[in-house]
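A.B. asks: Provided below for reference: sequence and predicted model.
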Amino acid sequence: MFDSPHPPAFFEPLIDSEHAAALIQVHPKTLQRYARKGIVAGLRVGKLWRFRASELMARRPEEYYEGLDEDAQAQ
């Protein structure tokens, strides 16, 4: 299954939009919009979004707003 002879040491489960949004204290629809714009890393599985908690928690809260400011200036 893996090309490497060593299996991954850690498997992080993906969390849904509601749980992910609660981690960074935004509305789930806002988090999905961030993911569509590329501000937040997320995976789309059919119509559902999934996120890694470690990636969300690695950023400072103000970094999410900086990404929105850059997007607004581009328009």
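C.D. replies: Thanks, I have it.
A.B. asks: only C-alpha atoms for contact and neighbour calcs from this point on.
C.D. replies: OK.
A.B. asks: Out of the helices and strands in this structure, which is least certain?
C.D. replies: helix 61-74 (a mean of 60; mean pLDDT, DSSP states H and E).
A.B. asks: got the residue ranges for the strands in this protein?
C.D. replies: Under the criterion DSSP state E, the chain contains strands at 15-16, 43-45, 48-51.
A.B. asks: Mean neighbour count, distance to His27 and mean pLDDT for the ones you listed - can I get that in a markdown table?
C.D. replies: Formatted as a markdown table, the strands of the chain follow (neighbours: other C-alpha atoms under 10 Å; distance: least, C-alpha to C-alpha, whole Å; pLDDT from 0 to 100):
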| stretch | mean neighbour count | distance to His27 | mean pLDDT |
| --- | --- | --- | --- |
| strand 15-16 | 16 | 12 | 96 |
| strand 43-45 | 12 | 17 | 95 |
| strand 48-51 | 18 | 13 | 96 |
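A.B. asks: Which of those sits closest to Leu31?
C.D. replies: strand 48-51 (9.3 Å; C-alpha to C-alpha).
A.B. asks: what's in contact with that closest one?
C.D. replies: Outside strand 48-51, the residues within contact range by C-alpha atoms under 8 Å, 6 or more residues apart in numbering are Leu14, Ile15, Asp16, Ser17, Ala20, Gln32, Ala41, Gly42, Leu43, Arg44.
A.B. asks: The fourth one touches Leu31, doesn't it?
C.D. replies: Yes - taking C-alpha atoms under 8 Å as the definition, Ser17 is a contact partner of Leu31 at 7.1 Å.
A.B. asks: For the closest residue to Ala41 other than its chain neighbours, the count of nearby residues, please.
C.D. replies: Once flanking residues are discounted, Ala41 sits nearest to Ala35: 5.9 Å by C-alpha to C-alpha, 6 or more residues apart in numbering. Using other C-alpha atoms under 10 Å, Ala35 is surrounded by 18 other residues.
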